[in-house]
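**Student:** Whatever this is, show me its structure:
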Amino acid sequence: MNYLEIESEIEARKGLSEGIRRKMADYEKSINRISKSLFDLSINGTIPRASALHLMLGAAQCVNQVVRIMEEARDLSEKCVMMPEGGFWQGNLDNTLATLHCRINVVAMLLKEQKPCKSDTTMWAECDELMQYSSLEENVGHIANIVMKWITRVRDTIGLIEGNMHDAAAKAKLLDRVLDEYKGDGGKEAFALLQDDIDSQTLVQICTLNPELRMVMLFGYDHAALMDNLIKAGCTENQLMTVVVFMRMIKQVYGRKTLSFGETELVASEGEDIDRRFRYAIQNVIDEELIKFGYDWTWIELYCEGAIKNVQFGNPKSFLDYLSMMGLESLPNRSTLSRKADVVKGEYPNWTFLDTNNSAEINRRKRVVGRFIFHYNKFSRV
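**Tutor:** As a prediction, this is how the structure comes out:
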């Protein structure tokens, strides 16, 4: 997946969370209104059962809808790496529900203590709906118990959602998935202009401007600790791609730094072992897409001239013949390698180049050789 594809996923989750938040806000207003009416009812002395029933049924309708919305929120919380922008609800929803629960319970208890008043239903005998409503009035306490159970269920789900969004270990696994799938190609990368020449100093300067990126610098290799601190800092899904791109850039710079301290010599080998190791190493260099231009074979050829005492690596022509024997196609001609060989000065890994002083290009060329050495030496361990 590239930047745009992952960003699209984040935007989709943001849209879903906005829908949940909007619906939740509507029902929260209704809940607050009903809760206030229940409170007013509870302080007026005798409680009319019809009024209590009306409010209980209103509460039941609202809370039942909140139960459904909360299930959507729980499902989404398991998919989000970080909290969506704006969250799933506004204010303290749990406190609102706790207050409603308390006021329903108070009214139900007062009704239970209140001396029941037997209704005169003679005039309602011809109206089934009124007769049914009258029977509901007698069971308003039972309705209250059902609504309170629903409220408890919603509050439990709120706890699960908050647990999901604060589970650093689980969110670290989701972050790992994003990093694994992120190919870094295309899209409006947060620091696209810096990708070629980024260095440690630039990374430090960037991270001082942004608290989330400072967390990446401190905990980047411990993803659980990173997510724990990002969650505590209030980092949202909208900031996720900035974090991911920055992590990739740190890895890129780290890779450049370790290159000069990595293996610079090939393990001792001879005969068919050289052929097997060489074939394995160049295939991996090709698979890693390190050969950007035909002349990039020059860097391996130059290194092998001094590192492998074998006739195949004595000059550009014999080296190209050897590559052809290995089955490689679309190779450059001998003059291409010869021209580029003339611009290289010094010994690997301290090469300098007469045709460029661009640090990114110099590191790219050295990386071709560095990865060749790594795979050549790794062959016996695979």
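**Student:** Tell me where the model's unsure across the stretch 101-250 of the chain.
**Tutor:** Low-confidence segments of the stretch 101-250 of the chain (pLDDT under 70): 115-138, 183-206, 209.
**Student:** And the helices in it?
**Tutor:** 128-138, 140-165, 168-181, 200-207, 211-219, 223-232, 240-259 (DSSP state H, counting those that start in this stretch).
**Student:** Make CSV out of those and add distance to F372 and mean neighbour count.
**Tutor:** C-betas here are computed from N, CA, C, even on glycine. Shown next, in CSV, are these (distance: least, C-beta to C-beta, whole Å; neighbours: other C-beta atoms under 10 Å):
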stretch, distance to F372, mean neighbour count
helix 128-138, 82, 13
helix 140-165, 45, 17
helix 168-181, 25, 15
helix 200-207, 25, 14
helix 211-219, 31, 18
helix 223-232, 31, 19
helix 240-259, 12, 18
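**Student:** between these, which one is nearest to A73?
**Tutor:** helix 140-165 (5.6 Å; C-beta to C-beta).
**Student:** For the closest one, name the packing helices and strands.
**Tutor:** Packing contacts for helix 140-165, counted by 3 or more C-beta pairs under 8 Å, 6 or more residues apart in numbering; DSSP states H and E, involve helix 49-79, helix 93-113.
**Student:** Which one of the ones you listed lies nearest to I291?
**Tutor:** helix 49-79 (38.9 Å).
**Student:** List the buried residues in that closest one.
**Tutor:** Going by neighbour count (16 or more other C-beta atoms under 10 Å), the buried part of helix 49-79 is 49, 51-60, 62-63, 66, 69-70, 72-74, 76-77.
**Student:** Could you count how many residues lie near N350?
**Tutor:** 10 (other C-beta atoms under 10 Å).
**Student:** Are we agreed that it is in a strand?
**Tutor:** No: with DSSP: H, G, I helix; E, B strand; the rest coil as the criterion, N350 is located in coil rather than a strand.
**Student:** which ones are touching the closest residue to A224 other than its chain neighbours?
**Tutor:** Leaving aside its chain neighbours, A224 sits nearest to A172 (4.4 Å; criterion: C-beta to C-beta, 6 or more residues apart in numbering). A172 is in contact with 223-224, 226-227, counting by C-beta atoms under 8 Å, 6 or more residues apart in numbering.
**Student:** okay, among those residues, which ones form the most distant pair?
**Tutor:** For the contacts of A172, the maximum inter-member distance is 7.2 Å, found between A224 and L226 (C-beta to C-beta).
**Student:** so where's the stretch 251-382 of the chain uncertain?
**Tutor:** For the stretch 251-382 of the chain, the ranges with pLDDT under 70 are 251-264, 310-312, 380-382.
**Student:** Which parts of it are helices?
**Tutor:** Using DSSP H, counting those that start in this stretch, the helices of the stretch 251-382 of the chain run over 272-287, 297-307, 316-325, 334-341, 359-378.
**Student:** In JSON lines: the ones you listed, plus mean neighbour count.
**Tutor:** Shown next, in JSON lines, are the helices of the stretch 251-382 of the chain (neighbours: other C-beta atoms under 10 Å):
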{"stretch": "helix 272-287", "mean neighbour count": "16"}
{"stretch": "helix 297-307", "mean neighbour count": "21"}
{"stretch": "helix 316-325", "mean neighbour count": "17"}
{"stretch": "helix 334-341", "mean neighbour count": "17"}
{"stretch": "helix 359-378", "mean neighbour count": "19"}
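**Student:** how about those helices in JSON lines, adding distance to Y348?
**Tutor:** Formatted as JSON lines, the helices of the stretch 251-382 of the chain follow (distance: least, C-beta to C-beta, whole Å):
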{"stretch": "helix 272-287", "distance to Y348": "15"}
{"stretch": "helix 297-307", "distance to Y348": "5"}
{"stretch": "helix 316-325", "distance to Y348": "16"}
{"stretch": "helix 334-341", "distance to Y348": "13"}
{"stretch": "helix 359-378", "distance to Y348": "6"}
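**Student:** right, and these - which one's nearest G159?
**Tutor:** Of all those, helix 272-287 comes closest under C-beta to C-beta, at 47.6 Å.
**Student:** and that closest one, how far from the chain's centre?
**Tutor:** Averaged C-alpha coordinates place helix 272-287 at 36 Å from its chain's average position (C-alpha atoms, centre = their mean, to the nearest Å).
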